[in-house]
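# Provide a 3D model corresponding to the input given below.
(chains A and B)
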Amino acid sequence: METLETLGIGLIDGLLAVLMLGVGLLPDALAEPFSYGFMQRALLTAILVGAICGLLSCFVVLKRWSLLGDAISHAVLPGVAIAYLLGWPFFIGAFIAGALTSVGIGALERHTRLKADAAMGLMFTAAFALGVVIISKIATNTHLMHILFGNVLGVQYPALLLTLFSGVVALLAVWAFYRPLLLYTFDPMQAQALGFNTGLIHYGLILLLTLTIVASLETVGIILVVAMLITPGATAHLLTERLTTMMLLSVAVGVTASVVGLYLSFRLDVASGGAIVLVAAGLFLVSLLLAPRHGLLARWWRARRLHAPSPSN
Amino acid sequence: MVLRLPSKPMAVEVKGLSAAYDGQSVLEDVDIALPAGKWTAIIGPNGAGKSTLFRILLGVMKPLSGEVTVLGDAPSRQRRLGYIAYMAQQEAVEWDFPISVQDTVMTGRFGHMRGDPWWRRLLPPRWTHPRHWDVVHRSLQAVNMQDFAHRPIGALSGGQKKRVLLARALAQEARLLLLDEPLAGVDAASERLILDLLTRQRAAGRTVVMVTHDMDSARRYADQVLLINRTIVGMGAPDNMLVDEMLARTAVAGWRPVARRDPPLEAFP
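Have a look, this model is predicted:
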């Protein structure tokens, strides 16, 4: 166990060193904040979180899981609190809470006359409330605020290791199971017809989502993580007609938003989670205006050409 | 127990099948036997259980009771072997999805890729085994969509979308083709192409089962017609089934008679 920890810390120190080589190439004014150790760790965390969220957000957007993502991220709170009480790793509690909530949503939908949105709203607010109650009993308000809104500037080695681990797992899973994930997202009936275990894929994807949410807890917090699970994918969806390109663009948007947001939060002394999400929203706005096919300007231009009198008249 | 000879299994065999949504019954104690190598048209009003039958064969829905076999074995097993291809209704597919025509058709090969060496799945899609690409190209040619291979699917017209869905089903090289309304909303040229193609598929030994509202095509192309409305109304040659009397029975069987109403009051007496 001890060697594993040393190994992890060594790995992160290595990554930080590589990252700093890159930062060293920047002009001094830009690079200056990253001379602090906490900013270096924050930068690495932000890049990792931006990348994983960007990757998973493609599936969230295409599968119309935005509300489910929101539900799971809120439902994770009691899991984190109970894991803390029992001395378990955060992730275990978070995953159990996330999985129970998604199973509960499915059961409510099937066995009552409630529709999906009401089932989700009901489950996740109840779970969230339970989490708030437990945490208010065991921890200070600052601690609760950090879980809810993130505090990337305070990230320590264990959290960074968890984020790195989640990132590697998410990347490997999407890589190895690209085809089943693509098919299940695109056309679940076809996946079923081809004999794929759609239940397994469904819960596998929820597991990945939970992993991503837990990994992002410290950076953007429970409330805002869903923004990072929607905005990068939504931005990329406007820009391309290929899933692989969409994933790359989405990761790029996620990483850019995290890094720029982190920098701005340091410079302007504002909350890091909020700054990151605002930058992501800004990137979405730019692509909404300027996207080549689906952008507002392109649409306006096409409509104008369509209605303009043809030169022969 | 009687020993059954496996010589000529039915393509689809259903015994005592019942199914319901939310306690609302859609199929009641249905027995069906569709012979292999034939073209069957399933006809019935909306809500008659046609799509439900498909959903059960695809394992999306569990029946309340009854036995189902496909080509003499459990449907789940045959799906795993890639024997069952399904062509969805157009509305059931996400046409906004960022995927090209040829990649959509390639998803029909995903089941067969389980037989490929494991490292293949780690390579980018363009290095998929050439065998699969070959089938994809031939399927696109069969539906005359080869020129659209690189287009995003969202940019296609209605008839073209149907042809892409059919190409995907063909690419699977299945033994049983389940087609949900393959002719709904297509132009005349696409319709002819689809019907000719299905004729050739049957000639190649495949079983074709299509849900349709198109009586005319069913009469001219199908070997047999299955009339369904929560129970089986009739099954037989198109000329015997697609007659006024049978069709009238299909539309009313299992439906409660409409409650008698007083005549409307005149607005301007």
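
# what's near enough to touch residue A:256?
A:50, A:279, A:283 (CB atoms under 8 Å, 6 or more residues apart in numbering or on different chains). All C-beta spots, glycine's among them, are computed from the backbone N, C-alpha and C.

# Dump those into JSON lines; add neighbour count and pLDDT as well.
Output for the contacts of residue A:256, formatted as JSON lines (neighbours: other CB atoms under 10 Å in any protein chain shown; pLDDT from 0 to 100):
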{"residue": "A:50", "neighbour count": "31", "pLDDT": "94"}
{"residue": "A:279", "neighbour count": "22", "pLDDT": "96"}
{"residue": "A:283", "neighbour count": "20", "pLDDT": "97"}
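
# can you tell me which of those are in helices?
A:50, A:279, A:283 (DSSP state H).

# Next up, the contacts around the residue in the stretch 151-269 of chain B that chain A sits nearest to.
Residue of the stretch 151-269 of chain B nearest chain A, by CB to the nearest CB: residue B:152 (3.7 Å). Residues in contact with residue B:152 (CB under 8 Å, 6+ apart) are A:241, B:98, B:99, B:100, B:101.

# I'd like those laid out as TSV, including secondary structure and neighbour count.
What follows is the contacts of residue B:152, written out as TSV (DSSP: H, G, I helix; E, B strand; the rest coil; neighbours: other CB atoms under 10 Å in any protein chain shown):
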residue	secondary structure	neighbour count
A:241	coil	20
B:98	coil	23
B:99	coil	24
B:100	strand	18
B:101	helix	26
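
# returning to that earlier point: which of the contacts of residue A:256 lies closest to residue A:101?
Nearest to residue A:101 among these, counting by CB to CB, is residue A:50 at 25.2 Å.

# what residues are up against that closest one?
Counting by CB under 8 Å, 6+ apart, residue A:50 touches A:228, A:232, A:251, A:254, A:255, A:256, A:257, A:258, A:259, A:276.

# of these, buried ones?
Neighbour counting with 16 or more other CB atoms under 10 Å in any protein chain shown marks A:228, A:232, A:251, A:254, A:255, A:256, A:257, A:258, A:259, A:276 as buried within the contacts of residue A:50.

# For the helix or strand hosting the second one, what is the distance to the chain centroid?
In the assignment (DSSP states H and E), residue A:232 maps to helix A:198-237. Using CA atoms, centre = their mean, to the nearest Å, we find the averaged C-alpha position of helix A:198-237 to lie 4 Å away from the chain's own average C-alpha position.

# Can whichever helix or strand residue B:67 is part of be said to contact chain A?
Residue B:67 belongs to strand B:65-70 when assigned by DSSP H and E. No: applying CB under 8 Å from any CB of the partner chain, one finds strand B:65-70 separated from chain A by no less than 11.5 Å.

# returning to that earlier point: farthest-apart pair in the contacts of residue A:50, please.
A:251 and A:276, at 14.7 Å, using CB to CB across the contacts of residue A:50.

# how about the residues of the stretch 51-200 of chain B that lie near chain A?
Counting by CB under 8 Å from any CB, the stretch 51-200 of chain B comes close to chain A at B:58-60, B:76, B:79-82, B:84-86, B:88, B:92-94, B:97-100, B:104, B:107-108, B:110-111, B:113, B:121-122, B:124-125, B:152, B:154, B:168, B:172, B:178.

# tell me the mean pLDDT over the helix holding residue A:232?
The average pLDDT for helix A:198-237 rounds to 89.

# Can you pull out the residues in contact with the least confident helix or strand in chain A by mean pLDDT?
Counting by mean pLDDT, DSSP states H and E, the weakest-scoring helix or strand in chain A turns out to be helix A:141-149, with a mean of 77. With contact meaning CB under 8 Å, 6+ apart, helix A:141-149 is reached by A:77, A:80, A:132, A:135-136, A:154, A:217-218, A:220-224, A:271, A:273-274.

# Of those, which is the most crowded?
Counting neighbours by other CB atoms under 10 Å in any protein chain shown, residue A:220 leads these with 34 neighbours.

# excluding its backbone neighbours, what's nearest that residue?
Excluding the flanking residues, the one nearest residue A:220 by CB to CB, 6 or more residues apart in numbering or on different chains is residue A:273, at 4.0 Å.

# List the contacts of the one you found.
A:149, A:150, A:151, A:152, A:219, A:220, A:221, A:223, A:224.

# In terms of secondary structure, what does the strand holding residue B:67 contact?
Strand B:65-70 is packed against strand B:12-21, helix B:50-57, helix B:75-80, with contacts defined by 3 or more CB pairs under 8 Å, 6 or more residues apart in numbering or on different chains; DSSP states H and E.

# residues of the helix or strand that the first one is followed by that come out buried?
Along the chain past strand B:12-21, the next helix or strand (assigned with DSSP H and E) turns out to be strand B:24-34. Residues B:26, B:27, B:28, B:30, B:32, B:34 are the ones in strand B:24-34 that count as buried (16+ other CB under 10 Å).

# strands paired with strand B:24-34, and their directions?
Strands that pair with strand B:24-34, judged by DSSP bridges, come out as strand B:12-21 (antiparallel).

# How far off centre is the partner strand?
16 Å.

# same deal with stretch A:157-173?
Centre-to-centre, stretch A:157-173 and its host chain are 13 Å apart (CA atoms, centre = their mean).

# for stretch A:91-109, same thing?
On the basis of CA atoms, centre = their mean, stretch A:91-109 is displaced by 18 Å from the centre of the chain it belongs to.

# Need the CA coordinates for that stretch. PDB is fine.
Below are the C-alpha coordinates for stretch A:91-109, written out as PDB (Å, rounded to 0.1, in the frame of the first residue of the first chain):
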ATOM      1  CA  PHE A  91     -15.600   6.800  -4.800                       C
ATOM      2  CA  ILE A  92     -17.200   3.600  -3.400                       C
ATOM      3  CA  GLY A  93     -19.900   5.500  -1.600                       C
ATOM      4  CA  ALA A  94     -20.500   7.900  -4.500                       C
ATOM      5  CA  PHE A  95     -20.800   5.000  -7.000                       C
ATOM      6  CA  ILE A  96     -23.300   3.100  -4.800                       C
ATOM      7  CA  ALA A  97     -25.400   6.200  -4.300                       C
ATOM      8  CA  GLY A  98     -25.300   7.100  -8.100                       C
ATOM      9  CA  ALA A  99     -26.200   3.500  -9.100                       C
ATOM     10  CA  LEU A 100     -29.000   3.200  -6.600                       C
ATOM     11  CA  THR A 101     -30.400   6.500  -7.800                       C
ATOM     12  CA  SER A 102     -30.400   5.500 -11.400                       C
ATOM     13  CA  VAL A 103     -31.900   2.100 -10.600                       C
ATOM     14  CA  GLY A 104     -34.500   3.900  -8.400                       C
ATOM     15  CA  ILE A 105     -35.300   6.300 -11.300                       C
ATOM     16  CA  GLY A 106     -35.800   3.400 -13.600                       C
ATOM     17  CA  ALA A 107     -38.000   1.600 -11.200                       C
ATOM     18  CA  LEU A 108     -40.200   4.600 -10.500                       C
ATOM     19  CA  GLU A 109     -40.600   5.100 -14.200                       C
END
